[in-house]
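[1] Quick one, fold the following:
(4 chains)
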Protein chains: 2
Amino acid sequence: MRNKITLKELSKLLNVSISTVSKALNDSPEISQKTIDRVKELALLHNYRPNPTAVNLKSSKSGTIAVIVPNISNFFFAKVLAGIEQEAQKKNLQVITYISNESYEREKQIIDMISYGFVDGVLIAPSEETQKKKEYEHFKELLEYELPVVLYDRINFDLPVDKIGVDDKGSIEDAVRLMHENGLEKIGIVSAIQNLDVGVQRMEGYKEAVKDLNLKGFIASHADVEPLREKIRELLDAGVKGIVSTDIIGTLLTSRVAFEQGLKIPEDLKLIGYVNEDVAPYLSPSLSYIDQHPKKIGESAINFLYERINSTGKKAEPVKQVLKTEMVHLDSTRFSYLD
Amino acid sequence: MRNKITLKELSKLLNVSISTVSKALNDSPEISQKTIDRVKELALLHNYRPNPTAVNLKSSKSGTIAVIVPNISNFFFAKVLAGIEQEAQKKNLQVITYISNESYEREKQIIDMISYGFVDGVLIAPSEETQKKKEYEHFKELLEYELPVVLYDRINFDLPVDKIGVDDKGSIEDAVRLMHENGLEKIGIVSAIQNLDVGVQRMEGYKEAVKDLNLKGFIASHADVEPLREKIRELLDAGVKGIVSTDIIGTLLTSRVAFEQGLKIPEDLKLIGYVNEDVAPYLSPSLSYIDQHPKKIGESAINFLYERINSTGKKAEPVKQVLKTEMVHLDSTRFSYLD
DNA sequence: CTGAAAGCGCTTACAG
DNA sequence: CTGAAAGCGCTTACAG
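    Below you'll find the predicted structure:
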């Protein structure tokens, strides 16, 4: 930054004008090949790089986008960010990361910062608190500045922007159906995240499947660990043979309670839920999980945003993309026929 | 960005010069209070925000820093990033995140991007591959540009910059000592990361403790799961009663192998290692772990960098800070006297 | 083919 | 107290 050579200095050394140097470096057809070569040679020698800030000021673009992550210690979001970063690099976009920590206030602050004009576009997954309040007005501030916005993962509310998420409802539905196809009748659900929209979606998937299949519903749902644990015990006592869970705490807790009750997985209980893919295989027993393809979500989000940033002319209608999830079967869902 | 009002437009509306508007907004003593009030009122009305790119160009600062993360799906690094982001916000710094994916080539590309001059400073944890190669020359490129650099977590090599990490050696040493104090004699170590410097450090801690305490060493170390699993079995067959592990895979795998062998934790085997703090309590059994205070590392890294960025005059000597870790005791290390 | 000029949106020494 | 001018480092229409 400090020692960097500028166009002005190059032009002095070459005894040509700044304009000529600039054009030569940009391969302008206005400039003779000879001059282009001379200029480029010296530029290379001095390791010249155009000052990005100056370029940005001219072009009124920053080549930078913002991403708001609700919680980066969440494996899912960490993976989404990895996808975002990877795809952004390909497109030569720099990613500024903001973490809302699931806080509405923090999110508002971030939006406020962003609207100062640092970035060319924004990727958002609204915070937990925002979802509870159902208060999405602050996002509109960005739209007023005509800043392209793409929502990812938490997308079930009204905002006229591109959205990319997964089929939460269908995921759980499929899991319940699979258990049923394998002969289970008493299938329960365990959830620690009914305060989150994804939790609600997944629960709906469960209810729908149970209704369709004409099964009895067994629900253990609580945001706090101890009450949830108690409810899981009740499910197991009621003879539930299969459990789907909406989240990692629910999944691990179910495995744990089963262990405490002396129930063996998968012999006495089948279990599938949401567990970090890097952890799942090493658990005892290893736990089957639903893969949401977080990296793809990140990549897709960048692609949508990129299109918006570079689209000229009048705007296309917002798009909503919903990815299918995939069950990854480990020990906890070994059905006889799958072996 | 697009619809934003500029100084020029404000000055037109107010019938004063651009300079006056600028000074008024910056509370310059040169400007009369009356004018200041007029200007600010209109600015507020139009929601004026100075264009950050223009300000950056003038000040030749960007208010932006880069952080290179080796692997964001790693819980530890995710938490470090959270600490970085949080502290950066306090200091009004924007954080551009780059993920090296433990690749040397990728890391070089990133360094190259960064040296273009986007940022005021850089936070680095070198990739796994970089550590294996012991090839740190590319970092010097940044130093040549006089860009402040701070290394975090992976800090055991020679580079004249500030460093912040944890006492990896001491952490494992302490764990072994604690087990010994509680009457264990056969204490083993399990490691899946001897290719990483932190893995080596931790192993050294083990060896030192074992030597000091005059114990026999029991080592299971392999980068691949199956061979490691086999080696863990051997340790258990040899009658090891306590195991420390250097990493999450090693820790989970040990728990799992013990389970498969019919050994109960903590009755038959004590275990402490490195496990995500959000997962550890919900495992069966819950697993004790070493807390490395990742958020503090992130915060500290930003603080060091901030000092460097804002220091004037000649540079102070590089500082190296090493944080103490902390054992968090869950089921897997229930010693009688601790109950 | 080359260069002077204007401009992106700001800040700040300097003149009045 | 206010404003014209220069400048941060670039790009680009325009003139020659």
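[2] hey, let's count contacts and neighbours off CA atoms from now on
    Will do.
[3] Need the three-state assignment for the spatially most central residue of chain A.
    Closest to where the C-alpha atoms of chain A average out (Cα atoms, centre = their mean) is A:Val80, at 3.7 Å. Three-state assignment for A:Val80 (DSSP: H, G, I helix; E, B strand; the rest coil): helix.
[4] what does A:Ile65 give?
    When classified by three-state DSSP, A:Ile65 comes out as strand.
[5] Double-check it against A:Val119; I have them as touching.
    Yes: A:Ile65 is within contact range of A:Val119, at 4.9 Å (criterion: Cα atoms under 8 Å).
[6] Give me the pLDDT for A:Thr64.
    Turning to A:Thr64, the model gives it a pLDDT of 92.
[7] Pull the contacting residues for it.
    Applying Cα atoms under 8 Å, 6 or more residues apart in numbering or on different chains, we find A:Thr64 in contact with A:93-96, A:118-121.
[8] Return the distance of it relative to B:Leu151.
    In this view, A:Thr64 and B:Leu151 are 24 Å apart by Cα to Cα, to the nearest Å.
[9] Also A:Arg177?
    Applying Cα to Cα to A:Arg177 and B:Leu151 gives a distance of 50 Å.
[10] average pLDDT across the helix or strand containing A:Leu271?
    Using DSSP states H and E, A:Leu271 sits in strand A:270-273. Mean per-residue pLDDT for strand A:270-273: 96.
[11] what subset of the contacts of A:Thr64 is also close to chain B?
    A:94-96, A:118 (Cα under 8 Å from any Cα of the partner chain).
[12] which one of those residues sits closest to B:Ser288?
    The shortest approach to B:Ser288 among the ones next to chain B among the contacts of A:Thr64 belongs to A:Ile96, at 34.9 Å (Cα to Cα).
[13] Would you agree the closest one falls within a strand?
    Yes: per three-state DSSP, A:Ile96 lies within a strand segment.
[14] give me the number of residues near the closest residue to A:Ser17 other than its chain neighbours?
    Nearest non-adjacent residue to A:Ser17, counting by Cα to Cα, 6 or more residues apart in numbering or on different chains: A:Ser11, 5.5 Å away. For A:Ser11, the count of nearby residues is 18 (other Cα atoms under 10 Å in any protein chain shown).
[15] Nearest to DNA strand D: which residue in the stretch 201-339 of chain A?
    Nearest residue of the stretch 201-339 of chain A to DNA strand D: A:Asn310, at 15.0 Å (Cα to the nearest atom of the strand).
[16] which residues touch the helix or strand in which A:Thr130 is found?
    Assessed by DSSP H and E, A:Thr130 sits inside helix A:128-133. Helix A:128-133 is touched from outside by A:70, A:102-104, A:136, A:195-197, with contacts defined as Cα under 8 Å, 6+ apart.
[17] what does stretch A:219-227 give?
    Outside stretch A:219-227, the residues that touch it by Cα under 8 Å, 6+ apart are A:188-195, A:228, A:231-232, A:235.
[18] Tell me the gap between it and the middle of its chain.
    26 Å (Cα atoms, centre = their mean, to the nearest Å).
[19] before we move on, what about stretch A:204-221?
    The chain centroid and the centroid of stretch A:204-221 are separated by 28 Å under Cα atoms, centre = their mean.
[20] Can you give me the first-to-last residue distance of it?
    Counting by Cα to Cα, you get 13 Å between the two ends of stretch A:204-221.
[21] can you tell me which residues contact the residue in the stretch 51-200 of chain A that DNA strand C sits nearest to?
    Going by Cα to the nearest atom of the strand, DNA strand C is nearest to A:Lys58 of the stretch 51-200 of chain A, at 3.7 Å. Listed by Cα under 8 Å, 6+ apart, the contact set of A:Lys58 is empty.
[22] State the distance from it to A:Val21.
    Taken as Cα to Cα, the span from A:Lys58 to A:Val21 is 17 Å.
[23] now do A:Glu87
    From A:Glu87 to A:Val21 the distance is 33 Å (Cα to Cα).
[24] And the two? Which one has more around it.
    A:Val21 (26 against 20).
[25] Using just helix, strand and coil, how would you label that one?
    Following three-state DSSP, the label given to A:Val21 is helix.
[26] got the contact list for it?
    A:7, A:10-11, A:36, A:39 are the contacts of A:Val21 under Cα under 8 Å, 6+ apart.
[27] Cross-check those against DNA strand D and keep the overlap.
    A:Leu7 (Cα under 7 Å from any atom of the strand).
[28] Can you tell me which of the contacts of A:Val21 end up in helices?
    By the criterion of DSSP state H, membership of those in helices covers A:7, A:10-11, A:36, A:39.
[29] partner residues bridging the residue nearest to A:Thr333 when sequence neighbours are not counted?
    Leaving out its chain neighbours, the residue that sits closest to A:Thr333 by Cα to Cα, 6+ apart is A:Lys270, at 5.1 Å. Per DSSP bridges, the residues bridged to A:Lys270 are A:Gly242.
[30] For A:Lys211, see how far away A:Lys270 is.
    Per Cα to Cα, A:Lys270 is found 20 Å from A:Lys211.
[31] And A:Arg229, by the same measure?
    The value you get for A:Arg229 to A:Lys211, if Cα to Cα is used, is 25 Å.
[32] Among these two, which residue is more densely surrounded?
    Using other Cα under 10 Å as the criterion, A:Arg229 and A:Lys211 rank with A:Arg229 on top: 20 against 12.
[33] Only C-alpha atoms, please: export whatever helix or strand that one lives in in CSV.
    For A:Arg229, the host element (DSSP H and E) is helix A:225-237. The C-alpha trace of helix A:225-237 is given here as CSV (Å, rounded to 0.1, in the frame of the first residue of the first chain):
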residue,chain,number,x,y,z
VAL,A,225,-32.3,-29.2,27.4
GLU,A,226,-33.7,-30.7,30.6
PRO,A,227,-37.3,-30.5,29.7
LEU,A,228,-36.5,-31.8,26.2
ARG,A,229,-34.6,-34.7,27.7
GLU,A,230,-37.6,-35.6,29.8
LYS,A,231,-39.9,-35.5,26.8
ILE,A,232,-37.6,-37.8,24.9
ARG,A,233,-37.7,-40.2,27.7
GLU,A,234,-41.5,-40.2,27.5
LEU,A,235,-41.4,-40.9,23.8
LEU,A,236,-39.1,-43.9,24.4
ASP,A,237,-41.2,-45.1,27.2
